[in-house]
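Undergrad: task: produce atomic coordinates for the following.
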Amino acid sequence: MIVTSIVLPAMVAPRTSDLMRGLFLCFAFALILNGLFVLSGSQAMMTHVSSHGAILEDMGYRGYFEWKNYLGECAAVALLLSLSEARYSGWRRVSGIVFVVIAILLTYLSDSKTALGLALICPLLAALTLMIRKATRISPALILLVIPIGYIFLSSISNFNVYRLSYMFYGDSSLTGRTIIWEFAKQEISQSPVVGWGYQSFWLVPNSPALESHSWVGSMPDAHNGYYDTLLELGQVGRALLLAFIFATVHAIGRMADRDPRRAQLVLSLVLYVIFYNFFESLWMRGFEFLWVVFLIAAAEIGRYWTRLPVKVAASGAKRRRPRMPGPSPRPAPSSAHRLS
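TA: Coordinates of the predicted model:
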């Protein structure tokens, strides 16, 4: 229902309708609403039990969401949209700059370091990818495939991995306990590797396999990794379909870049943000996750640019823009009166 309600209206809408502009307005409104909640003091608190008793720790602001990470995700997407909006002229540039400032402030107040870091990296990576694609005509999907291949190679010959990077940046190699969840997820994946345990049938359901952990891991709502959760629920078959969908989406941005480079950079930034963020949170194919909805909107926008122009339109456009042949201009043919004289 969610996929149909997003993709179908986008594909039948006229080309003049601007989906990205509408998406920016939605997130701009969300920033304003979250800002009001932050001003009222909507902080996320967590209780830690130590030898000195229970300690209530401030984890950052959460806005109108249930947890601070959602505020960070929302503000980061709004930041990407606002950066693109600031590239236009007039009031669009002014509003873009204003919401860039608000988005950065809310991302910082949410204490979501991952969201802020990815929001700054993804536009640069998108711009670099499209520059390489323009020079080489290689698919953006193949260009970006160098990143996971390079990571696998480096981690296999050295101790360079995500755990070491986490310790270097945050002083915590467990990624706030995520590695413990991932190790348990790997064990459960090995028990049903082909088709998984069933969609939405692993975490927080009666007689769930997650209860075999006999620890706090069993109370988790997900694996905090969209790719591990895809393997848990749908197995290798589901992951293959997911990766094919991601690869096709990124590949299609190449044709979009030929027609509208600025829009292609924005869409690729959003797509990369969702792809990378799924390494730390579970967002793929979950209808209640708004980042999954953002990815679907981006995919629908790419689909609108995938189809070629009609033959008549292309032919008329080529006729209007026919270049003049080099050389001296041809002289007009003499009139009949001139020839007689």
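
Undergrad: mind checking the SS state of residue 270?
TA: Of the three states, residue 270 takes helix under DSSP: H, G, I helix; E, B strand; the rest coil.

Undergrad: let's see the pLDDT reported for it.
TA: With respect to pLDDT, residue 270 has a value of 97.

Undergrad: now it. Nearest residue, chain neighbours left out?
TA: residue 298 (4.9 Å; C-beta to C-beta, 6 or more residues apart in numbering). (C-beta placed from N, C-alpha, C; glycine too.)

Undergrad: so residue 263 versus residue 7, what's the distance?
TA: According to C-beta to C-beta, to the nearest Å, residue 263 and residue 7 sit 18 Å apart.

Undergrad: out of the two, which sits in the more crowded spot?
TA: residue 263 (19 against 15; other C-beta atoms under 10 Å).

Undergrad: show me what counts as buried in the helix or strand that contains the more buried one.
TA: For residue 263, the host element (DSSP states H and E) is helix 261-277. Across helix 261-277, burial judged by 16 or more other C-beta atoms under 10 Å covers 263-277.

Undergrad: hang on, the earlier thing: hang on, the residue nearest to residue 270 is in a strand, isn't it?
TA: No: assignment of residue 298 by three-state DSSP gives helix, placing it outside any strand.

Undergrad: can you pull the contacts of it?
TA: The contact partners of residue 298, taken as C-beta atoms under 8 Å, 6 or more residues apart in numbering, are 249, 267, 270, 271, 274.

Undergrad: specify which member of the residues you listed is nearest to residue 180.
TA: Proximity of the contacts of residue 298 to residue 180 (C-beta to C-beta) peaks at residue 274, which lies at 24.6 Å.

Undergrad: is it true that the closest one touches residue 281?
TA: No: in terms of C-beta atoms under 8 Å, residue 274 does not count as a neighbour of residue 281; the distance is 10.0 Å.

Undergrad: look at the residue nearest to residue 270 and report its pLDDT.
TA: pLDDT for residue 298: 94.

Undergrad: do the same with the one 3 residues further on
TA: Looking at residue 301, its pLDDT is 92.

Undergrad: burial count for it?
TA: 23.

Undergrad: same deal with residue 173?
TA: Using other C-beta under 10 Å, residue 173 has 14 neighbouring residues.

Undergrad: what residues does it make contact with?
TA: 163, 164, 166, 167, 179.

Undergrad: what distance do you get for it to residue 282?
TA: Taken as C-beta to C-beta, the span from residue 173 to residue 282 is 21 Å.

Undergrad: what about stretch 89-101, distance to the chain center?
TA: Centroid displacement of stretch 89-101 relative to its chain, using C-alpha atoms, centre = their mean, to the nearest Å, is 22 Å.

Undergrad: buried residues, it. List them.
TA: In terms of neighbour count (16+ other C-beta under 10 Å), stretch 89-101 has its buried residues at 95, 96, 99, 100.

Undergrad: verify the stated contact: residue 226 with residue 276.
TA: No: with contact defined as C-beta under 8 Å, residue 226 does not reach residue 276; the gap is 10.4 Å.

Undergrad: find the residues that touch each one of the two.
TA: Common neighbours of residue 226 and residue 276 (C-beta under 8 Å, 6+ apart) do not exist.

Undergrad: for residue 247, give its distance to residue 228.
TA: 19 Å.

Undergrad: same drill for these two, tell me which one is more crowded.
TA: Neighbours of residue 247 and residue 228, each counted by other C-beta under 10 Å, are more numerous for residue 228; the result is 23 against 15.

Undergrad: closest one of the contacts of residue 173 to residue 69?
TA: When these are compared for distance to residue 69 (C-beta to C-beta), residue 166 wins out at 15.9 Å.

Undergrad: residues contacting the closest one?
TA: Applying C-beta under 8 Å, 6+ apart, we find residue 166 in contact with 172, 173, 174, 175.

Undergrad: how about residue 34?
TA: The contact partners of residue 34, by C-beta under 8 Å, 6+ apart, come to 63, 64, 65, 71, 74, 75, 106.

Undergrad: pLDDT score for it?
TA: On the pLDDT scale, residue 34 gets 94.

Undergrad: confidence score at residue 26?
TA: 95.

Undergrad: of the contacts of residue 166, which is the most crowded?
TA: Neighbour-wise, the contacts of residue 166 (other C-beta under 10 Å) top out at residue 175, 21 neighbours.

Undergrad: backbone phi and psi for the residue nearest to residue 70 when sequence neighbours are not counted, please?
TA: With C-beta to C-beta, 6+ apart as the criterion, residue 70 has its nearest non-adjacent residue at 7.0 Å, and that residue is residue 62. The phi/psi pair for residue 62 (degrees, to the nearest 10) reads phi -120, psi 0.
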